[in-house]
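Engineer: coords below, sequence missing:
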């Protein structure tokens, strides 16, 4: 599609370039853009700048803050070919399918509600990952410019009032929560056939990008010699999660 | 298929014939059998007889009791045409698709994991319905022969040690839990397009039978003049749940 102007894709940066592309939801959109084969550029936005930049781009908020005011979220895109500006990875996927029907399909016909259900069930099953990952994102990934905002807002946004440090599982609780996460991934593995590469069998769909997005984030945070977490995840369920990343490698380009 | 011998379908009876067909999971299998158009007969099994009858029929248990022993569950089928005997509604649906490929498909190609995810996400979203419905099943539906077994086993099987009466939501908690249920159905409605009849749009699939099975059970328990619950459910989400039952009415025959 040489005549298309590049879509602007908003993602969160890390504190250096090798630490960019750490956010699981943004990964979903990156996979979608790469898989559809539409041209795009990435604009890296630090947390304190999100609201100002998205507002200026004409992107609507997707959530409500604890104080009732609108919350602007990333991933988000602006498509200069259509003038459309929107946030939220599943909305973006459906927009891309509708606007660029010639590419491969992210949400195959008839599966919209099923894909939605998958996203919901996948999130519930891997919910313990949140408490484990926030500390690594805060300490190891984010730049000094994003850290204070992230630290101040997580308690109200996602941690029921706890700080990132308080919410991080410790001791016996950490073992139990990590087992719950393993069991959650195990449930998802059981939904699929062992020999099938993707959620829909041979066909790639948004659901795979939801799973792979979380895996990409986990790898970015925990793939270090002194950390057992990524080693664990890559061995769970016969190594199928690591294989999924490999099978989607050609759509994982960060640009 | 005039040459086929009828499949034996095991379901729970009520205390009289008009109160048969009250169990949401058995409804899934009834819908599947009717939709596939395979001949079957229903064998109504009281709770205390389930283990003995299923064992004798060669059906394997699907769950584990709190004491670690195997739990035999209904719905279950025996297919005299193949000798296959099995339990659990989604397993049965996949068996029917594989064995009777000429009929309509319950789990369309490529959607097995997505349908599994839907069942899981649907169950979580409507989970408050359990506490509300067990008391009505116990008091109004079951025969004196099943009542004691049901009352004794629910605390250990599904209620975390509480009795049916203790678990039944009361006062402010009842209002909150009923609102949670409404919100749960609302989430499912939001996954679909408003104008679409079925989870997969125009195509009926197992996911619809999972939803409709719970609705059939709710209607059986609560569709009475002095009970507001079924009236509430049939009005939620623009009346789409009542419409779903109407759209599946031709597959709802109890025989």
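Structural biologist: Happy to help now that I have it. Computed from a predicted model, the values in this text were never measured in an experiment.
Engineer: the stretch 1-150 of chain A: helices as residue ranges?
Structural biologist: A:24-36, A:50-57, A:89-99, A:112-125, A:129-136, A:147-157 (DSSP state H, counting those that start in this stretch).
Engineer: out of these, which comes closest to chain B?
Structural biologist: The closest of the helices of the stretch 1-150 of chain A to chain B is helix A:112-125. By C-beta to the nearest C-beta, the value is 3.7 Å. Every residue, glycine included, has its C-beta placed from N, CA and C.
Engineer: nearest spatial neighbour of residue A:203, skipping sequence neighbours?
Structural biologist: Leaving aside its sequence neighbours, residue A:203 sits nearest to residue B:110 (C-beta to C-beta, 6 or more residues apart in numbering or on different chains; 5.7 Å).
Engineer: outline the domain layout of chain A.
Structural biologist: Chain A breaks down by automatic domain parsing into domains covering A:7-99, A:112-251.
Engineer: can you redo the ones you listed as a markdown table with mean pLDDT?
Structural biologist: Below are the domains of chain A laid out as a markdown table (pLDDT from 0 to 100):
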| stretch | mean pLDDT |
| --- | --- |
| domain A:7-99 | 97 |
| domain A:112-251 | 96 |
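Engineer: can you add mean neighbour count and give the ones you listed back as TSV?
Structural biologist: Listed next are the domains of chain A as TSV, based on neighbours: other C-beta atoms under 10 Å in any protein chain shown:
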stretch	mean neighbour count
domain A:7-99	18
domain A:112-251	17
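Engineer: re earlier: figure out which of the helices of the stretch 1-150 of chain A is closest to residue B:221.
Structural biologist: Proximity to residue B:221 (C-beta to C-beta) singles out helix A:112-125 among the helices of the stretch 1-150 of chain A, at 25.1 Å.
Engineer: and the closest one, does that touch chain B?
Structural biologist: Yes: using C-beta under 8 Å from any C-beta of the partner chain, helix A:112-125 reaches chain B at A:112-118, A:120-122, A:124-125.
Engineer: show me what that helix is packed against.
Structural biologist: Here helix A:112-125 touches helix A:89-99, helix A:171-191, helix A:206-222, helix B:112-125, helix B:171-191, helix B:206-222, going by 3 or more C-beta pairs under 8 Å, 6 or more residues apart in numbering or on different chains; DSSP states H and E.
Engineer: for chain B, what's the nearest residue on the stretch 151-255 of chain A?
Structural biologist: The nearest approach of the stretch 151-255 of chain A to chain B comes at residue A:191, 3.7 Å away (C-beta to the nearest C-beta).
Engineer: which residue comes closest to that residue once chain neighbours are left out?
Structural biologist: Residue nearest to residue A:191 in three dimensions, not counting chain neighbours: residue B:116, with 3.7 Å by C-beta to C-beta, 6+ apart.
Engineer: what do you get for residue A:192?
Structural biologist: Once flanking residues are discounted, residue A:192 sits nearest to residue B:113: 4.4 Å by C-beta to C-beta, 6+ apart.
Engineer: now do residue A:1, the pLDDT please.
Structural biologist: With respect to pLDDT, residue A:1 has a value of 51.
Engineer: in this structure residue A:65 contacts residue A:158, no?
Structural biologist: No: Residue A:65 lies out of contact with residue A:158 (C-beta atoms under 8 Å); the separation is 11.6 Å.
Engineer: how about the residues of helix A:112-125 next to chain B in CSV, adding distance to residue A:93?
Structural biologist: Listed next are the residues of helix A:112-125 next to chain B as CSV, based on distance: C-beta to C-beta, whole Å:
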residue, distance to residue A:93
A:112, 10
A:113, 14
A:114, 14
A:115, 8
A:116, 11
A:117, 15
A:118, 12
A:120, 15
A:121, 17
A:122, 15
A:124, 20
A:125, 21
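Engineer: quick check, nearest of those to residue A:87?
Structural biologist: Residue A:87 lies nearest to residue A:116 out of those, by C-beta to C-beta, at 16.6 Å.
Engineer: got a list of what the closest one touches?
Structural biologist: With contact set as C-beta atoms under 8 Å, 6 or more residues apart in numbering or on different chains, residue A:116 has these partners: A:90, B:190-191.
Engineer: now distance to residue A:145 too, for those residues, in a markdown table please.
Structural biologist: Below are the contacts of residue A:116 laid out as a markdown table (distance: C-beta to C-beta, whole Å):
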| residue | distance to residue A:145 |
| --- | --- |
| A:90 | 29 |
| B:190 | 36 |
| B:191 | 37 |
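Engineer: just give me the closest of those residues to residue B:239.
Structural biologist: Looking across those and measuring by C-beta to C-beta, the closest to residue B:239 is residue B:190, at 15.6 Å.
Engineer: any idea how far chain A is from that closest one?
Structural biologist: Separation of residue B:190 from chain A (C-beta to the nearest C-beta, to the nearest Å): 8 Å.
Engineer: roughly how far does that residue sit from residue B:118?
Structural biologist: 14 Å (C-beta to C-beta, to the nearest Å).
Engineer: check residue A:143 too.
Structural biologist: Using C-beta to C-beta, we find residue A:143 at a distance of 40 Å from residue B:118.
Engineer: could you do residue A:135 as well?
Structural biologist: Relative to residue B:118, and taking C-beta to C-beta, residue A:135 is found at 33 Å.
Engineer: check residue A:209 too.
Structural biologist: Counting by C-beta to C-beta, the gap from residue A:209 to residue B:118 is 18 Å.
Engineer: how about residue A:238?
Structural biologist: The gap separating residue A:238 from residue B:118 is 24 Å, by C-beta to C-beta.
Engineer: residue A:28 too?
Structural biologist: With the distance defined as C-beta to C-beta, residue A:28 ends up 19 Å from residue B:118.
Engineer: residue contacts, residue A:46?
Structural biologist: By C-beta under 8 Å, 6+ apart, residue A:46 lies in contact with A:12-13, A:143, A:145-146.
Engineer: now residue A:147
Structural biologist: residue A:138.
Engineer: again, but for residue A:40
Structural biologist: Going by C-beta under 8 Å, 6+ apart, residue A:40 touches A:6-9, A:33, A:77, A:255.
Engineer: for residue A:59, same thing?
Structural biologist: By C-beta under 8 Å, 6+ apart, the contact list for residue A:59 reads A:10, A:72, A:76, A:78, A:85-87.
Engineer: next step: those restricted to strands.
Structural biologist: With DSSP state E as the criterion, strands contain A:10, A:76, A:78, A:85-87 from among the contacts of residue A:59.
Engineer: coming back round to it: out of the helices and strands packed on helix A:112-125, the one nearest residue A:129 is which?
Structural biologist: Nearest of the helices and strands packed on helix A:112-125 to residue A:129, taken as C-beta to C-beta: helix A:171-191 at 5.7 Å.
Engineer: who are the packing partners of that closest one?
Structural biologist: Packing partners of helix A:171-191 (3+ C-beta pairs under 8 Å, 6+ apart): helix A:112-125, helix A:129-136, helix A:229-247, helix B:112-125.
Engineer: skipping adjacent residues, who's closest to residue A:247 in space?
Structural biologist: The shortest distance from residue A:247 to any non-neighbouring residue, by C-beta to C-beta, 6+ apart, is to residue A:197 (5.2 Å).
Engineer: would you agree that neighbour is in contact with residue A:246?
Structural biologist: No: Residue A:197 is beyond contact range of residue A:246, at 9.7 Å (criterion: C-beta under 8 Å).
Engineer: what residues does the stretch 151-255 of chain A have near chain B?
Structural biologist: Neighbours of chain B within the stretch 151-255 of chain A, by C-beta under 8 Å from any C-beta: A:187-188, A:190-193, A:196, A:199-203, A:207.
Engineer: what does stretch A:64-77 rub up against?
Structural biologist: Here stretch A:64-77 makes contact (C-beta under 8 Å, 6+ apart) with A:7-12, A:23, A:25-26, A:28-30, A:40, A:45, A:50-51, A:54-55, A:57, A:59, A:61-63, A:84-89, A:92, A:95, A:156-157.
Engineer: alright, that wraps it up for me.
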